[in-house]
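In: Structure for the following, please:
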Amino acid sequence: MAATVTADLMARARAGDGSAFRELTEPYRRELQVHCYRMLGSFQDAEDVLQDTMLAAWQSLGGYEGRASLRTWLYRIATTRCLNARRSASRRPIKEWDVPNVEPPKPTRLGEIVWLEPYPDTLLEGASNGPLGPEARYEQTESISLAFVTALQTLPPRQVAVLILRDVLGLRANEVADMVESSVDSVNSALKRARASLRRRRLAADHHRPPPDSAAENAIVAGFVRAWESADLDALVALLTDDVFMSMPPMPFEYEGRDAAIRFCASIFGSGRRFKLVPTRANGQPAFGAYLRSPDGIGHGVGLFVLTLAGDRICAMTRFEKTALPWFGLPRSLPSQ
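Out: Below is the predicted model of the structure:
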């Protein structure tokens, strides 16, 4: 945006021109939404905080002095709103098991990040308009992966903010200190602790994922669809890593290891439930709308599956609620075939 045009838009926006304000901020909207999603781990919460951020920016535009770029100023507002949301107690509650006619095996453990939601890949387009700083450590696809976003949710709020601003966006330590109202030493200390925590949690397989839409990824995806739609447990097992991990937020049930995954999938297939999978993408990963086949041939949407791949195997599978389907442009039901 040329400087003269920006100055004119800013003057008009400060005078109360809403269309000028939207033109000024629209180029940053998508990347701010992704920033809020990384901070909060919830697509719906991210959208709510983004709306709050834009309202706050509109109301405080008169106080913007131009010492930082408009993009940095917006990130500061968004980060503050996200920190407030992270510190509140109103996160999505645990949901009880609700799959009819299926008695799940005893879970390996009960997860705590039950508010996790998927992020549609279609919304990632145009989400990196701003320049990445020289110290950014995570590539775009890795920084939106479910493993990374989940790990962020286990960190204290300020550590999350510092790590994203420094290692994902590549902002300088003094910029981040100003944004979170802290000292450079405090920022550097928080960053060191956050990096150490992530190193302890990160999946080694994260670094061996096949490229998106590559022949290797497509082969795994096709094998999974065939196995799941035909309820072929043996074919499915052949696609799983030994340490495969299955989760289903907001239900806390988690299954770690191939044996646990087999028991869970056997309970689903053994109930006689049969599915149609519709491909999409979430968090830079293969995903599917899952539709339960009914006797009349209609497919009823029951959830969204997201796969995490490692080499030529599936190392994680996350099942989300059917409420996520519309975010991906997927219908609530499929007509009979």
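In: if you go through the stretch 51-200 of the chain in chain order, where are the helices?
Out: Secondary structure of the stretch 51-200 of the chain (DSSP state H, counting those that start in this stretch): helices at 70-87, 146-153, 157-163, 173-179, 184-201.
In: Residue 316 is nearest to which of the ones you listed?
Out: helix 146-153 (7.1 Å; Cβ to Cβ). Placement of C-beta: from N, CA and C, glycine included.
In: Run through who's touching the closest one.
Out: 37-39, 41, 113, 115-116, 118-119, 138, 142, 160, 163-164, 197-198, 201-203, 206, 282-283, 285, 306, 308, 316, 318 (Cβ atoms under 8 Å, 6 or more residues apart in numbering).
In: Strands - which of these land there?
Out: Among these, the members falling in strands (DSSP state E) are 282, 285, 306, 308, 316, 318.
In: Check the gap between the residue nearest to the fourth one when sequence neighbours are not counted and residue 253 for me.
Out: To tie it back to what came earlier, the one meant is residue 308. Excluding its sequence neighbours, the residue lying closest to residue 308 (Cβ to Cβ, 6 or more residues apart in numbering) is residue 316, at 3.7 Å. Here residue 316 is placed at a distance of 14 Å from residue 253 (Cβ to Cβ, to the nearest Å).
In: Show me what counts as buried in the worst-scoring helix or strand of the chain on mean pLDDT.
Out: Least confident helix or strand of the chain, by mean pLDDT, DSSP states H and E, is helix 3-14 with a mean of 81. Buried residues in helix 3-14, counted by 16 or more other Cβ atoms under 10 Å: 9, 10, 12, 13.
In: Could you do stretch 139-152 as well?
Out: Buried residues in stretch 139-152 (16+ other Cβ under 10 Å): 141, 142, 143, 144, 145, 146, 147, 148, 149, 150, 151, 152.
In: what would these look like in JSON lines with distance to residue 169 and pLDDT?
Out: Shown next, in JSON lines, are the buried residues of stretch 139-152 (distance: Cβ to Cβ, whole Å; pLDDT from 0 to 100):
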{"residue": "141", "distance to residue 169": "15", "pLDDT": "78"}
{"residue": "142", "distance to residue 169": "14", "pLDDT": "87"}
{"residue": "143", "distance to residue 169": "9", "pLDDT": "91"}
{"residue": "144", "distance to residue 169": "13", "pLDDT": "94"}
{"residue": "145", "distance to residue 169": "16", "pLDDT": "94"}
{"residue": "146", "distance to residue 169": "20", "pLDDT": "95"}
{"residue": "147", "distance to residue 169": "19", "pLDDT": "93"}
{"residue": "148", "distance to residue 169": "14", "pLDDT": "94"}
{"residue": "149", "distance to residue 169": "15", "pLDDT": "96"}
{"residue": "150", "distance to residue 169": "19", "pLDDT": "95"}
{"residue": "151", "distance to residue 169": "17", "pLDDT": "94"}
{"residue": "152", "distance to residue 169": "13", "pLDDT": "95"}
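In: Thank you, goodbye.
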